[in-house]
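Student: Provided below for reference: sequence and predicted model.
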Amino acid sequence: MPRGLFGRPRPRWTLTGPILPAGGLWSTCRTLSQVVTGLLVERRLGPPAPSWQRSASITWHNGATRGASVVAAAHDDGRWIVLHRLGAADRTDRLARETLLAATAPHGRT
């Protein structure tokens, strides 16, 4: 639970009001992991929406709200990551990329 300036717990986001048109996603890390593997690794959920970013070999989506951030990404060789962090969001993308690229590709993948 993130804490505010004076150490009190911040209220939980409810995803009502202005966050809805922004495409807010409320999910557990486990569920988001199932989306990443089904969409980007196994490719059984259809193509990713245009809002997913693409580099030469990695497809990812990221986002942040207040004091939390998340990156969901997959490499073409089958490596994938879901990284959720509390605190400043500026390091989340870099940490996810470094972790994903340092991981060993699944057996049978190149």
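Tutor: Received the coordinates, thanks. Note that this is a predicted model, so its numbers are computed, not measured.
Student: what is the burial count for A74?
Tutor: 24 (other CB atoms under 10 Å). In short, each C-beta sits where N, CA and C put it, glycine included.
Student: distance check, S27 against A72.
Tutor: S27 is 9 Å from A72, where distance means CB to CB, to the nearest Å.
Student: what residues does the biggest helix by length in the chain touch?
Tutor: Determined from DSSP state H, the single longest helix within the chain is helix 92-102. By CB atoms under 8 Å, 6 or more residues apart in numbering, the residues outside helix 92-102 that reach it are 58, 60, 62, 64, 69-71, 73, 75, 79-81, 83, 85.
Student: could you dump that helix to PDB, C-alpha only?
Tutor: Written as PDB, here are the backbone C-alpha positions of helix 92-102 (Å, rounded to 0.1, in the frame of the first residue of the first chain):
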ATOM      1  CA  THR A  92      10.600   0.800 -14.100                       C
ATOM      2  CA  ASP A  93      11.000   0.700 -17.900                       C
ATOM      3  CA  ARG A  94      14.800   0.500 -17.700                       C
ATOM      4  CA  LEU A  95      14.700  -2.200 -15.000                       C
ATOM      5  CA  ALA A  96      12.200  -4.300 -17.000                       C
ATOM      6  CA  ARG A  97      14.300  -4.000 -20.200                       C
ATOM      7  CA  GLU A  98      17.500  -5.000 -18.400                       C
ATOM      8  CA  THR A  99      15.900  -7.900 -16.700                       C
ATOM      9  CA  LEU A 100      14.200  -9.200 -19.800                       C
ATOM     10  CA  LEU A 101      17.400  -9.000 -21.900                       C
ATOM     11  CA  ALA A 102      19.400 -10.700 -19.200                       C
END
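Student: kind regards, and thank you for your time.
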